[in-house]
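[1] Fold the following, please.
(2 chains)
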Amino acid sequence: MKYSAKVMDHFANPRNVGTIENADGVGEVGNPACGDIMRFYISVRDGRIEDVKFQTFGCGAAIAVSSMISEMARGKTLEEASRISNRDVADALDGLPANKLHCSNLGADALQAAIRDYYARNGDSAKRRAEMPPVLEERRQEPCKCPYCDIEVPRGAPFCKKCGAKI
Amino acid sequence: MPSIEPPAPHRDESSPHVPTSGPGASPKQVNPMTQDRIYMDHVAAAPLLPEVLDAMMPYFREHFGNPSSMHGVGEKAEEALTQARRQVAELIHARSPGEIVFTSCGTESNNFALKGVALAYQNKGRHIVVSSVEHFSIMHAVKTLEKMGFQITHLPVDGTGRVDPDEVDRAITPQTILVSVMHGNNEVGTLQPIAEIGRITRAKGVLLHTDAVATAGVIPVDVEALQADLLSLSANAFYGPKGAAALYIRKGVRIHPLLDGGIQENGRRAGTENVPAIVGMGVAAEIALREMDNRIAWARKLQKRLQEGILERIPHVVLLGHPVDRLPQIVSVLVEYVEGESMLLFLDMENIQIASGSACISRSLKVSHVMLAMGIDAALAQGSLLFSLGKDNTEEQVDRVLEVLPPIVQRLRDMSPLYKKAARTFRSSADAGTAGPDPRRS
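    This next block holds a predicted model:
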């Protein structure tokens, strides 16, 4: 088996699967053609993530990643949760196969999308947006990585300049 | 109607040749096919027949000689090659054993056919026609030829994966030297109209190659009936060893060797022959020919049971491939709203081993080009499951798959955001009385 025991455990017994009615933030990343979609729901209380649920379409790695980050995020402040990186999730799972590190490891992106959604929501949205942790904006600027050779490529680049693979 | 019995099973007792200690020792010396394991991935690899292994063993031991040697030990190996060549020629109804060249694998046979013919006939023309559902060993070989200045035409296929012979006719130009269309597809099982294509290529004086790796030794293959000038086949497809394959090259067809060196294989493939594996291929070919009718009838019976069971028990599943002209051992389906690898992992936990064309399985993370060529949406292709049945699979095993698979699919669908969205549509379309979603892009 090419996955770690931890990945297999989170894949076979995923934590926090489901949806939250009237969630405070919802975020979705991925697309079905590339194989993975993750949708995260959060409820927030006093600046902390009180509950988190997810739905995922994807491979074993994608399901395990979703489950792991849902556990990591629960109870954290929004600022702390925003700082969880995809790399942190992979490390917590005792690693992922190289070719899955970037394509299926979207949990942090999905969680951050849900947190951004929380700040963008109505009511006192302007005030909330001002409170948004700067890390979320920084994260949005981070470059993409080629899934095949692991080098940085500019966002929106049609192919990797090193290996020539279409992205 | 006579009842269909399973073909002769693998012998139960372990082979005396398997080491019990040291490197290569097998901890469990029982027949892999009779354990609890349910193996339905025979297009990837098939178990070796025990009688084939028995026939191979002397060529690792006392008859280890080099067929090119002048002495008795070499002669013994040479005789074995001659016999295997005859056995393989008979399997595909070649007129002469001299038309068989042994290679190391199906990929080599395909590369040899395309590059060898391209180089030998480049002064006649530099245009080659292939289908768009070929194995990578064809698809990537023509990419290399394209870089060398050859022109390549990729023929489209219909929704069942079939090439239209009229398209072949239209694609051929005065520059065309070779048409290569596979006999049977390893991912969806669709059989191509090779005999019809062969009539066209023969009439136009163009060579025809067919990749019969998925079909030779499985269903009847007759190079005369197909009018093929070159044909690739591999031993492992019919329970022979890995490391042995062949290219049929019709007498009179010129070919440039891929490997330069000695004059083995009549100067067409240099390098000392893999005698034990070739002996195994010969014996496996002879047994395949003898047992073919039984094996086909058994595979058809299991195929019907499996595909009908899946379609009946799991909603929103699409059966792939041609409805009639399809390999008997292949059941290829698309399960909507879930991804193939996660289904495979859950099945593996239940000791059921199958394959999938999902992007997440392939190391390149790309969806199967075969399904894309058939017009299947990339998202839907992610839910691919590929069962390839073998002669030792049983009806009980099929029933076990049918019992285990539906809850796995349901579990993953319950986790899938796509299913939740689609579930609303099902309700409204059920009210309207419309059929399920169409797999094709509109």
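[2] For the rest of this, base every contact and every neighbour count on C-alpha atoms.
    Will do.
[3] Spell out which parts of chain A neighbour chain B.
    Applying C-alpha under 8 Å from any C-alpha of the partner chain, one finds that chain A approaches chain B through A:12, A:17-18, A:32-35, A:37-39, A:55-60, A:99, A:148.
[4] any idea how far B:Glu90 is from B:Ile249?
    Between B:Glu90 and B:Ile249 the distance, using C-alpha to C-alpha, to the nearest Å, works out to 14 Å.
[5] Looking at these two, which is more packed in?
    A side-by-side neighbour count of B:Glu90 and B:Ile249, using other C-alpha atoms under 10 Å in any protein chain shown, places B:Ile249 first with 22 against 19.
[6] What values do phi and psi take at that one?
    Per-residue torsions, B:Ile249: phi -130, psi 110 (degrees, to the nearest 10).
[7] how about it, what does it touch?
    B:Ile249 is in contact with B:99-101, B:229-231, counting by C-alpha atoms under 8 Å, 6 or more residues apart in numbering or on different chains.
[8] Repeat the analysis, applying 10 Å as the threshold.
    Contacts for B:Ile249 (C-alpha atoms under 10 Å, 6 or more residues apart in numbering or on different chains) come out as B:94, B:98-101, B:113, B:209, B:223, B:228-232, B:255.
[9] among the helices and strands of chain A, which has the poorest mean pLDDT?
    Among the helical and strand segments of chain A, the one scoring lowest on mean pLDDT, DSSP states H and E is strand A:144-145, with a mean of 60.
[10] about what we covered before: sitting in strands, which of the contacts of B:Ile249 do you find?
    For the contacts of B:Ile249, membership in strands holds for B:100-101, B:209, B:230-232, with DSSP state E as the criterion.
[11] Would you map the helices across chain A?
    Using DSSP state H, the helices found in chain A span residues A:5-12, A:60-73, A:78-83, A:86-92, A:107-120, A:125-131, A:134-141.
[12] between the first one and helix A:60-73, how many degrees?
    Relative orientation of helix A:5-12 and helix A:60-73, computed by axes from the mean of the first three to the mean of the last three C-alpha atoms, to 10 degrees: 90 degrees.
[13] Put the alpha carbons of helix A:5-12 into CSV.
    Written as CSV, here are the backbone C-alpha positions of helix A:5-12 (Å, rounded to 0.1, in the frame of the first residue of the first chain):
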residue,chain,number,x,y,z
ALA,A,5,-1.2,3.9,8.1
LYS,A,6,-2.5,7.3,9.2
VAL,A,7,-3.8,8.1,5.8
MET,A,8,-5.5,4.8,5.6
ASP,A,9,-7.1,5.3,9.0
HIS,A,10,-8.4,8.7,8.1
PHE,A,11,-9.6,7.4,4.7
ALA,A,12,-11.4,4.4,6.1
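[14] so where's chain B shaky on pLDDT?
    B:1-3, B:9-35, B:360-365, B:425-442 (pLDDT under 70).
[15] Right, and chain A sits closest to which residue of it?
    Nearest to chain A, among the residues of chain B, is B:Ala379, at 4.1 Å (C-alpha to the nearest C-alpha).
[16] Name the residues that touch the helix or strand that contains that residue?
    Element membership of B:Ala379 [criterion: DSSP states H and E] is helix B:378-381. The list of residues contacting helix B:378-381 from outside it, by C-alpha under 10 Å, 6+ apart, reads A:31-36, B:318, B:333-340, B:356-359, B:366-372, B:375, B:439-441.
[17] Next SSE downstream of it?
    strand B:384-388.
[18] Show me what that following strand is packed up against.
    In terms of contacts (3 or more C-alpha pairs under 10 Å, 6 or more residues apart in numbering or on different chains; DSSP states H and E), strand B:384-388 is packed against helix B:275-313, strand B:317-319, strand B:330-335, helix B:340-349, strand B:352-353.
[19] Next SSE downstream of that strand?
    Note on strand B:384-388: by DSSP H and E, the next helix or strand toward the C-terminus is helix B:395-415.
[20] Alpha carbons only: can I get that next one in CSV?
    Only the C-alpha atoms of helix B:395-415 are listed here, as CSV (Å, rounded to 0.1, in the frame of the first residue of the first chain):
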residue,chain,number,x,y,z
GLU,B,395,-19.8,-17.1,-9.5
GLU,B,396,-19.5,-17.0,-5.7
GLN,B,397,-16.7,-14.4,-6.1
VAL,B,398,-18.9,-12.3,-8.5
ASP,B,399,-21.7,-12.5,-6.0
ARG,B,400,-19.3,-11.4,-3.2
VAL,B,401,-18.3,-8.3,-5.3
LEU,B,402,-22.0,-7.6,-5.9
GLU,B,403,-22.6,-7.7,-2.1
VAL,B,404,-19.6,-5.6,-1.1
LEU,B,405,-19.6,-2.9,-3.8
PRO,B,406,-23.0,-1.2,-3.4
PRO,B,407,-22.4,-0.1,0.3
ILE,B,408,-19.0,1.2,-0.6
VAL,B,409,-20.4,3.3,-3.4
GLN,B,410,-23.2,4.5,-1.1
ARG,B,411,-20.7,5.4,1.6
LEU,B,412,-18.6,7.5,-0.8
ARG,B,413,-21.6,9.1,-2.4
ASP,B,414,-22.8,10.2,1.0
MET,B,415,-19.4,11.9,1.5
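[21] what angle sits between that helix and strand B:330-335?
    In terms of direction (the same axes, to 10 degrees), helix B:395-415 departs from strand B:330-335 by 20 degrees.
[22] Return the set of buried residues in helix B:395-415.
    B:395, B:397-398, B:401-402, B:405, B:408-409, B:412-415 (16 or more other C-alpha atoms under 10 Å in any protein chain shown).
[23] ditto for stretch B:115-128
    Within stretch B:115-128, judged by 16+ other C-alpha under 10 Å, the buried ones are B:115-119, B:121, B:125-128.
[24] picking up where we left off before, in strands, which of the contacts of helix B:378-381 appear?
    Checking the contacts of helix B:378-381 against DSSP E, those in strands are A:31, A:36, B:318, B:333-335.
[25] which among those residues end up buried?
    In the ones in strands among the contacts of helix B:378-381, burial by neighbour count holds for A:36, B:318, B:333-335, counting by 16+ other C-alpha under 10 Å.
[26] which among these gets closest to B:Gln192?
    Relative to B:Gln192, the closest of those is B:Val333; by C-alpha to C-alpha it sits at 19.2 Å.
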